[in-house]
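K.L.:
What follows is a predicted structure for the sequence shown.
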Amino acid sequence: MTASASPRALIPLPASVVWNPNAFRLSPQTRIVWCADLPEHAEAMVRITTLLTDRIRTATGFPLPCGENRASDADTILLEVTTADWQSPACSNPARADASSEAYRLTVTEACVRLVATTPEGIFRGIQTLYQLLPAQIDAVEPASDIDWSVPCCVIEDAPVYAWRGMMLDVARHFHPVATVKRLIDQLARFKFNKLHLHLTDDQGWRLEIKSWPALTEVCGPVAVNGDPGGFYTQDDYRELVAYAGSHYIDLIPEIDMPGHTNAALAAYGELNPDGVRRDTYTGIEVGFSSLMCREEATYRFIDDVLREVTALTPGAYLHIGGDEAKATTEEDFAYFIGRVCAIAATYGKTPIGWNNFELAETVPSSAVLQMWQNESPKAVEKGMKVIASVPNRAYLDMKYHEDYPLGLAWAGCVPTDVAYGWEPSDHVPKALLLGIECPLWTETAVTEADIDQLVFPRLLGHAEVGWTPQALRNWPDYQIRLRIMTERLRLQGIRYYADPVVKWD
């Protein structure tokens, strides 16, 4: 039997962990049960319990009967949502406005496992920790034999530091299909991310079907950087992604980039151009040359149609409108345009998000959100805007690990694994304005699923910890140890991570 009762490597590191002697051991007699104080939580708890049960059954081959039951008897895993007066010490920081919805307490004794939270979302986050407490073979796709299926005894109190813990996937430069995005959602959920931002449109490709403007995908769906194969999501595909992400407590944030980064739209429809002539499709990677007409009502009819369809498909509160690198747009036109688009987003009940430098427009309301890819933004601070930190020389997943690395770009410098881990978002944004972090993957060089794996892993795990774990608990030497252990699980899941030389793998 494999000895498995020692403490496990946890990523992201919980706010508080107390290890105790001995372990709880799964057996063919183990039951998984749930209970909830409020009847509206029942459906979610059935779904979450089923996910947990199916995964453990697959790995262990144990029958694991499950159902609703309030008893935490011997040989039981109990998932409990309670509205009783329970407050995790991990949630005591008032800056974490909605941290309590993701907070959980996990108690493991020799007799049973008890996971408690105030919401099903908190239970879902806690289950990701429970998976990491089980042997690595819990992530195998086939039942494993001769495994001591034990969970070390412990008490874990946990909640995130930041409410926004996201990743962006650019599908406009190179298209990535539904199956690849779902696989990425699985990994984001494992490491407690809660946002997936899809960059759906750019100069090269238009990746979401818009029924009122079908040429967007007919003309620029097939286009990608370097003439590589393209593709697009039908609206049914997109609904499937929204639902799949939601089942993992991840909000999907769509981005329709404008007024620059719009050559795909200009190539699809001549009426969006001043001369009425469609532009050529584009397969390069230079930026800043395209712009929608900012003073023409035809532009806003187009935008209204697009945003109406996108927002109807997207239940979340946010809509990303881009706004960056609009070098072909005058300052006055830019301000007018952004004000109009923010107003359109508001009519559809969405809070607009934009990249630097959209916050410089006086027409941007303070209720909008800045995604900061520059090192700071005094104007956003002056306006009191909420900010998502995406500092390129720390957070960008498409930067090379080192100069000789074959994938990625290096315009912001190289970002090895230790640099991706060793940053603090509040060094760049006042904490009172900081929603959280997002690590973008631009795909100029990421053509295949294997390319995504290499650029994303292992750096994504470091960003997970930056977004979840208090800074005082984070340090590189300890993280290296946990990362080395965690990569066994990545291998079992088929993740082709990059063995970055800055990590002491031996």
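P.N.:
Everything's here; your move. This one's a predicted model, so the numbers in the text were calculated from it and none came from an experiment.
K.L.:
Regarding the nearest residue to residue 356 once chain neighbours are set aside, what are the backbone dihedral angles?
P.N.:
Nearest residue to residue 356, sequence neighbours excluded (Cβ to Cβ, 6 or more residues apart in numbering): residue 374, at 4.8 Å. (Each C-beta comes from the backbone N, C-alpha and C, glycine too.) Main-chain dihedrals, residue 374, degrees, to the nearest 10: phi -100, psi 170.
K.L.:
tally of neighbours for residue 374?
P.N.:
Neighbours of residue 374 under the rule other Cβ atoms under 10 Å: 14.
K.L.:
Kindly report the same for residue 252.
P.N.:
Neighbour number of residue 252 under other Cβ under 10 Å is 22.
K.L.:
repeat for the one 4 residues further on
P.N.:
If you count neighbours by other Cβ under 10 Å, residue 256 ends up with 24.
K.L.:
Paired strands for the helix or strand where residue 17 lies, with orientation please.
P.N.:
Using DSSP states H and E, residue 17 sits in strand 16-25. Strand pairing for strand 16-25, using DSSP bridges, gives strand 150-158 (antiparallel).
K.L.:
For the next helix or strand after the strand it pairs with, which outside residues touch it?
P.N.:
Using DSSP H and E, the next helix or strand after strand 150-158 towards the C-terminus is strand 164-170. With Cβ atoms under 8 Å, 6 or more residues apart in numbering as the test, strand 164-170 has contacts from 176, 181, 184, 188, 192-199, 202, 253, 255, 388, 390, 397, 435-443, 452, 456, 460, 463-464, 467-468.
K.L.:
Show me how far strand 164-170 is from its chain's centre.
P.N.:
On the basis of Cα atoms, centre = their mean, to the nearest Å, strand 164-170 sits 4 Å off its chain's mean C-alpha point.
K.L.:
What about the contacts of strand 164-170, which are in strands?
P.N.:
Of the contacts of strand 164-170, the ones assigned to strands by DSSP state E are 195-199, 253, 255, 388, 435-441.
K.L.:
What about residue 344, how many residues nearby?
P.N.:
Counted with other Cβ under 10 Å, residues neighbouring residue 344 total 20.
K.L.:
What pLDDT does the model give it?
P.N.:
For residue 344, the pLDDT comes out at 98.
K.L.:
thinking it is in contact with residue 306, fair?
P.N.:
No: between residue 344 and residue 306 there is no contact under Cβ atoms under 8 Å: 9.5 Å.
K.L.:
and the strand holding residue 17, average pLDDT?
P.N.:
Per-residue pLDDT over strand 16-25 has a mean of 96.
K.L.:
For that strand, buried residues please.
P.N.:
Going by neighbour count (16 or more other Cβ atoms under 10 Å), the buried part of strand 16-25 is 16, 17, 23, 24.
K.L.:
same deal with stretch 101-112?
P.N.:
So, applying 16+ other Cβ under 10 Å, buried residues of stretch 101-112: 101, 102, 103, 104, 105, 106, 107, 108, 109, 112.
K.L.:
Just the ones of those in helices?
P.N.:
Judged by DSSP state H, helices contain none of the buried residues of stretch 101-112.
K.L.:
Out of those, which two are the most distant from each other?
P.N.:
Farthest pair in the buried residues of stretch 101-112 (Cβ to Cβ) is 101 and 109. Separation: 26.5 Å.
K.L.:
Secondary structure element holding residue 126?
P.N.:
Taking DSSP H and E as the criterion, residue 126 maps to helix 120-133.
K.L.:
Measure how that helix sits relative to strand 150-158, angle-wise.
P.N.:
140 degrees (axes from the mean of the first three to the mean of the last three Cα atoms, to 10 degrees).
K.L.:
so what secondary structure elements neighbour helix 120-133?
P.N.:
For helix 120-133, the elements it packs on are helix 42-60, strand 76-81, strand 104-108, strand 112-117, strand 150-158, helix 178-190, judged by 3 or more Cβ pairs under 8 Å, 6 or more residues apart in numbering; DSSP states H and E.
K.L.:
Same list, the ones you listed, but as JSON lines with mean pLDDT and distance to residue 319 please.
P.N.:
JSON lines is the format used below for the helices and strands packed on helix 120-133 (pLDDT from 0 to 100; distance: least, Cβ to Cβ, whole Å):
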{"stretch": "helix 42-60", "mean pLDDT": "96", "distance to residue 319": "25"}
{"stretch": "strand 76-81", "mean pLDDT": "96", "distance to residue 319": "31"}
{"stretch": "strand 104-108", "mean pLDDT": "97", "distance to residue 319": "30"}
{"stretch": "strand 112-117", "mean pLDDT": "96", "distance to residue 319": "29"}
{"stretch": "strand 150-158", "mean pLDDT": "97", "distance to residue 319": "31"}
{"stretch": "helix 178-190", "mean pLDDT": "98", "distance to residue 319": "19"}
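K.L.:
For my notes, please list those in JSON lines and give distance to residue 427 for each entry.
P.N.:
Formatted as JSON lines, those follow (distance: least, Cβ to Cβ, whole Å):
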{"stretch": "helix 42-60", "distance to residue 427": "36"}
{"stretch": "strand 76-81", "distance to residue 427": "36"}
{"stretch": "strand 104-108", "distance to residue 427": "28"}
{"stretch": "strand 112-117", "distance to residue 427": "31"}
{"stretch": "strand 150-158", "distance to residue 427": "24"}
{"stretch": "helix 178-190", "distance to residue 427": "24"}
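K.L.:
Residue 405: which of those is closest?
P.N.:
Using Cβ to Cβ, the helices and strands packed on helix 120-133 put helix 178-190 closest to residue 405, at 20.7 Å.
K.L.:
Counting by contacts, list what that closest one packs against.
P.N.:
helix 120-133, strand 164-170, strand 195-199, helix 235-247, helix 449-456.
K.L.:
Please list the outside residues in contact with stretch 264-275.
P.N.:
Taking Cβ under 8 Å, 6+ apart as the rule, stretch 264-275 contacts 172, 201-206, 213, 215-216, 218-220, 223, 262, 276-282, 290, 292-293, 298-299, 302.
K.L.:
average model confidence for it?
P.N.:
Averaging pLDDT along stretch 264-275 yields 98.
K.L.:
Can you give me the buried ones in that stretch?
P.N.:
264, 265, 266, 267, 268, 269, 272, 273.
K.L.:
related to what we said a few turns ago, now flag whichever of the ones in strands among the contacts of strand 164-170 is closest to residue 415.
P.N.:
residue 439 (9.8 Å).
K.L.:
In contact with the closest one, which residues?
P.N.:
Contact analysis of residue 439 by Cβ under 8 Å, 6+ apart lists 166, 167, 168, 390, 395, 396, 397, 420, 459, 460, 463.
K.L.:
can you tell me which of these are in helices?
P.N.:
If you go by DSSP H, the contacts of residue 439 have 395, 420, 459, 460, 463 in helices.
K.L.:
Do I have it right that residue 421 meets residue 476?
P.N.:
Yes: counting by Cβ under 8 Å, residue 421 does reach residue 476; the two are 6.2 Å apart.
K.L.:
Neighbour count for those two, which is higher?
P.N.:
residue 421 (24 against 15).
K.L.:
And the pLDDT for the more buried one?
P.N.:
For residue 421, the model assigns a pLDDT of 98.
K.L.:
And residue 88, by the same measure?
P.N.:
Reported pLDDT at residue 88 in the predicted model: 52.
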